[in-house]
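K.L.:
coords please:
(4 chains)
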Protein chains: 2
Amino acid sequence: MPAPLLPKREVVDRVMAVFRERGFEGATLARIAEATGLGKASLYHYFPGGKEDMGNVVLDVTESWMQEHVLGPLGEDGPPRQRIGRMLKSLDALYDGGNAACLLGTLTVGDSRTLFRKRLQWIFDAWIDALAGALRDAGSDRRAARERAEDTVARIEGALILAQARSDTGPFRRLLRQLGDDLVP
Amino acid sequence: MPAPLLPKREVVDRVMAVFRERGFEGATLARIAEATGLGKASLYHYFPGGKEDMGNVVLDVTESWMQEHVLGPLGEDGPPRQRIGRMLKSLDALYDGGNAACLLGTLTVGDSRTLFRKRLQWIFDAWIDALAGALRDAGSDRRAARERAEDTVARIEGALILAQARSDTGPFRRLLRQLGDDLVP
DNA sequence: GTCTATAATAGGATAGAC
DNA sequence: GTCTATCCTATTATAGAC
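P.N.:
Got it, this is the predicted structure:
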């Protein structure tokens, strides 16, 4: 049996990149094969269930990433401002300063929305819950914290859409810069 | 020659609905045929250039809608608060209180993003410019007006993404309700 | 203006060799 | 673990009858 061309983690990362850039339906096996350097058939070694399998693995990775860089930091004990600051810094890296599309956003379009409905909902809910928790710790009442958390996630997602549509990362970068001060003055 | 089953305007509306719900790549001719009640071949009577043609016609309609319900009102002479209020009311109707996805947002995913790049950019730019103009008329300085306009459009787009992903129109409805007061206190 | 029929290609997936 | 070859279906698009 030939040695693997790439470690599985690297294969998954490249599949994820294709999903982010082209959406679920636009991520054809031909393009994924090209991006990974594997033949179409070889992809079924890593993802026996085909494209749906790929989507789920990519969402596994996304959930771990969220856990480590967002849910974890937000749920810690330190000062809320610092916890939120860590989240913002990680998001800046994940989205490459606004140049990269949001995987979750692209998956909410088309068939993938119904296919991964529960998981998308869970991830967004967990994000909002964790952020609302930090805002409560910073002094907001329950309701205000939740509303500001929802609005914050929406602003981030929307800024990423705008960055894609207008080829302008300015609003996203400004948003991340301002959110630290705005959320916990 | 047989009478048309539907007026062209109605055909275009239904095509647009499919694009909004499924995205450009998910909007297959089979689904569009079903939604319009026309055979696949008949679609080429209305859209000789195929799917790309459909996309452009749908964007034509979107531009007219924006002109009438957003750019027009925002550019008028009345009180900025009223002009912005009219925009918000129209957006609420267009997006069905948050239940309907944003066509522009779905088109920024996948091939359609590059296919309609210039037009998407133009529409978002025009929206932001018009809103910034109204905010300047309400007393914001040039820079603040532009930044708040960008942020507002991002919040709207993001709230629509969230509504799709979480099956919760709450944040979108709350946003539209609050924007009137927040933008022009 | 709409249809049936059909072409040509692309897409997802599988079999089996190595 | 990767490949070539292949299958089946879906997809876009066209031709031509009515």
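K.L.:
Contacts only, for the residue of chain A at minimum distance from DNA strand C.
P.N.:
When scored by C-beta to the nearest atom of the strand, chain A has residue A:50 as its residue closest to DNA strand C, at 2.3 Å. Yep, even glycine has a C-beta here, placed from its N, CA and C like the rest. Going by C-beta atoms under 8 Å, 6 or more residues apart in numbering or on different chains, residue A:50 touches residue A:44.
K.L.:
count of neighbours near residue A:113?
P.N.:
21 (other C-beta atoms under 10 Å in any protein chain shown).
K.L.:
surely it meets residue B:164?
P.N.:
Yes: between residue A:113 and residue B:164 there is a contact under C-beta atoms under 8 Å: 6.3 Å.
K.L.:
sorry, back to before: quickly note the distance from the residue of chain A closest to DNA strand C to residue A:56.
P.N.:
11 Å (C-beta to C-beta, to the nearest Å).
K.L.:
so which residue of chain A comes closest to chain B?
P.N.:
residue A:158 (2.9 Å; C-beta to the nearest C-beta).
K.L.:
I figured that residue hits residue B:152, correct?
P.N.:
No: using C-beta under 8 Å, residue A:158 makes no contact with residue B:152, being 9.3 Å away.
K.L.:
buried ones in the strand or helix carrying residue A:41?
P.N.:
In this assignment (DSSP states H and E), residue A:41 forms part of helix A:40-46. Across helix A:40-46, burial judged by 16 or more other C-beta atoms under 10 Å in any protein chain shown covers A:42, A:43, A:46.
K.L.:
go on, stretch A:126-134?
P.N.:
For stretch A:126-134, by 16+ other C-beta under 10 Å, it's A:126, A:127, A:128, A:130, A:131, A:132, A:133, A:134.
K.L.:
what's the burial count for the residue nearest to residue A:22 when sequence neighbours are not counted?
P.N.:
Once flanking residues are discounted, residue A:22 sits nearest to residue B:110: 5.2 Å by C-beta to C-beta, 6 or more residues apart in numbering or on different chains. As a burial measure, residue B:110 scores 24 neighbours (other C-beta under 10 Å).
K.L.:
Tell me who's in contact with residue B:110.
P.N.:
A:22, A:23, A:25, A:26, A:106, B:23, B:24, B:25.
K.L.:
And residue A:71, how far from DNA strand D?
P.N.:
31 Å (C-beta to the nearest atom of the strand, to the nearest Å).
K.L.:
Can you give me every residue that contacts that residue?
P.N.:
Going by C-beta under 8 Å, 6+ apart, residue A:71 touches A:126, A:127, A:130.
K.L.:
in which helix or strand would I find the first one?
P.N.:
Counting by DSSP H and E, the element that carries residue A:126 is helix A:117-137.
K.L.:
just checking, what packs against the lengthiest helix in chain A?
P.N.:
Looking across chain A with DSSP state H, the single longest helix is helix A:142-166. Judged by 3 or more C-beta pairs under 8 Å, 6 or more residues apart in numbering or on different chains; DSSP states H and E, helix A:142-166 is in contact with helix A:103-107, helix A:117-137, helix A:170-183, helix B:117-137, helix B:142-166, helix B:170-183.
K.L.:
tilt between the second one and helix A:142-166?
P.N.:
Counting by axes from the mean of the first three to the mean of the last three C-alpha atoms, to 10 degrees, helix A:117-137 lies at 120 degrees to helix A:142-166.
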